[in-house]
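Trainee: what's the 3D shape of this:
(one chain, ligands or ions: 2)
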Amino acid sequence: SASAEPAKNNKQPAQAPVTTTANKVQENKNTLFQYSTINALMKGQFDGEMTLGELNKHGDTGLGTFNGVDGELTQLDGKFYRYTYDGKMVEVGKDAKTPFAVTTHFKVTKTAKIQPVKDMTELNKQLTSLITNKNDFYAFKIHGTFKTLKTRSEEKQVKPYPTLPEVLKDQSIFETENVTGTLIGFYTPNYAATLNVPGFHYHVISDDKKKGGHVLNISFDAATVQIDEIGNLEVKLPQTKEFHDADLTTVDPEDVHKVETDQQ
Ligand SMILES: C[C@H](O)[C@](C)(O)C(=O)O
Ligand SMILES: [Zn+2]
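Mentor: Ligands and ions are numbered 1, 2, ... in the order given. This is a model prediction of the structure:
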């Protein structure tokens, strides 16, 4: 018999899924990629497997450190720089490895005016007022002339590695004035404090690529901040024995706060 005509599908076409603006925004939000976790770094896991070349696939703007915690890592426009223990800024090739770094393909979702900032507490307060979703992650970029800048770096360690707080007891500190450059910052919600530095974490690099490091304090006149609201987090977990064997729940976020901020 003649093959029956396929039954007319007289059903209405399936309704397109209703997407709320939130979902729509969610789909378009950026991703933060990080290798390893701050708790692993705090416990002295200073040798990662991830190369900067690999990291670069996940972002063009970021911060972190190098294996052996050999100085401060700042990534700007897809290039990596090390601010060394003795205060030199050197560009680093893509074969170098990192035990902890965060990066994103920086995408400006909003810009805002920042009023004069007398210290980091003030900067954090102003950026907090610009954070619309406190449980999202954020990346920031501020290009300007920093009236005062206090940064740190640390010396390359040898095995058996101490903990990060042990290393940073001997951090080197640099205080400079009138530095023109780019401040790169990340905001991590407190609920993610075992993964990344809770609150704000900034690294800086001068336009002349001579100064930089992990920012302990800063002041500047009015500036414009570029904000990148992040709605996705990708954590690459080290496939190392030390990562698999570690108890990563015993780090006190207060200890992280202490090593990440100005204690002097
Ligand atoms: C050790 C270095 O300063 C790093 C990873 O940027 C940080 O912990 O703040
Ligand atoms: Zn840092």
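
Trainee: would you map the strands across this protein?
Mentor: Secondary structure of the chain (DSSP state E): strands located at 30-35, 50-51, 61-65, 72-76, 79-83, 89-92, 97-98, 101-104, 110-114, 137-153, 172-188, 199-206, 212-220, 223-236.

Trainee: give me whichever of those is most buried.
Mentor: Mean neighbours per residue, mean count of other CB atoms under 10 Å, is largest over these for strand 101-104, with a mean of 28. Bear in mind the C-beta positions are built from the backbone N, C-alpha and C, glycine included.

Trainee: mind exporting that strand as PDB, just the C-alpha atoms?
Mentor: Included here for strand 101-104 are C-alpha records, laid out as PDB according to Å, rounded to 0.1, in the frame of the first residue of the first chain:
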ATOM      1  CA  ALA A 101      46.400  31.900  38.900                       C
ATOM      2  CA  VAL A 102      43.100  33.400  37.800                       C
ATOM      3  CA  THR A 103      42.300  34.800  34.400                       C
ATOM      4  CA  THR A 104      39.400  36.000  32.200                       C
END
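
Trainee: and it, how far from the chain's centre?
Mentor: Centroid separation between strand 101-104 and its chain, computed with CA atoms, centre = their mean, to the nearest Å, is 5 Å.

Trainee: other SSEs contacting it?
Mentor: Under the contact definition 3 or more CB pairs under 8 Å, 6 or more residues apart in numbering; DSSP states H and E, strand 101-104 sits against strand 30-35, helix 52-56, strand 61-65, strand 72-76.

Trainee: try 6 Å
Mentor: In terms of contacts (3 or more CB pairs under 6 Å, 6 or more residues apart in numbering; DSSP states H and E), strand 101-104 is packed against strand 30-35, strand 61-65.

Trainee: quickly run through the sheet partners of the first one, with directions.
Mentor: The pairing partners recorded for strand 30-35 under DSSP bridges are strand 101-104 (antiparallel), strand 223-236 (parallel).

Trainee: can you lay out the strands of the chain as TSV showing distance to Met120 and mean pLDDT?
Mentor: Shown next, in TSV, are the strands of the chain (distance: least, CB to CB, whole Å; pLDDT from 0 to 100):
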stretch	distance to Met120	mean pLDDT
strand 30-35	21	98
strand 50-51	29	98
strand 61-65	15	98
strand 72-76	16	98
strand 79-83	18	98
strand 89-92	21	98
strand 97-98	24	98
strand 101-104	19	98
strand 110-114	12	97
strand 137-153	9	98
strand 172-188	10	98
strand 199-206	8	98
strand 212-220	5	98
strand 223-236	14	98
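
Trainee: closest one to Glu122 among these?
Mentor: Relative to Glu122, the nearest member of the strands of the chain by CB to CB is strand 212-220, separated by 8.1 Å.

Trainee: fine, thanks again, bye for now.
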